[in-house]
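Asker: fold the following and give me the result.
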Amino acid sequence: MESLQRSQSEPGLLSPARLEQLRKLKIQTRIANEKYLRAHKEVELLLSGFFRELFLKRPDNIREFAAFYFTDPTLPNKIRMQLITARKDVEETKRSQ
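Answerer: Presented below is the predicted three-dimensional model:
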């Protein structure tokens with residue numbers, strides 16, 4: 001993609017055309033990110049689980065806590081089980097409708 005250029009009249013300012021280009025790029029990026037997150041439920045599960053534990057335990061050293069949380073060898077299995085449960089819930093909901 002063409003790089004954003006500064007307006008020649010005022011250094012540091014983007015021209016109206018470049019501002020519009022930037023606005024469109026931001027929208028495209030948000031849409032792409034949303035599609036990715038919807039396709040990868042595990043991201044939501046990882047982050048919500050991390051925040052839940054963080055707020056419950058309120059550790060003094062958040063970096064150390066995060067390192068421990070995300071390197072926990074049981075984490076992949078926990079996420080896998082949550083994904084299975086979520087899929088079953090969706091299937092049950094579809095059947096009951």
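Asker: centroid-nearest residue for the chain?
Answerer: L37 (5.9 Å; Cα atoms, centre = their mean).
Asker: hang on, that residue packs against L45?
Answerer: No: contact criterion Cβ atoms under 8 Å: L37 and L45 do not qualify, at 11.2 Å. Using the backbone N, CA and C atoms, a C-beta is placed for each residue, glycine as well.
Asker: number of residues surrounding R95?
Answerer: 7 (other Cβ atoms under 10 Å).
Asker: in a helix, that's where it is, yeah?
Answerer: Yes: using DSSP: H, G, I helix; E, B strand; the rest coil, the assignment for R95 is a helix.
Asker: I84 versus that one, what's the distance?
Answerer: 17 Å (Cβ to Cβ, to the nearest Å).
Asker: re earlier: please give the element, helix or strand, for the residue nearest to the centre of the chain.
Answerer: Element membership for L37, per DSSP states H and E: helix 16-39.
Asker: ok, then the element right after that helix?
Answerer: Trace forward from helix 16-39 with DSSP H and E and the next one is helix 41-57.
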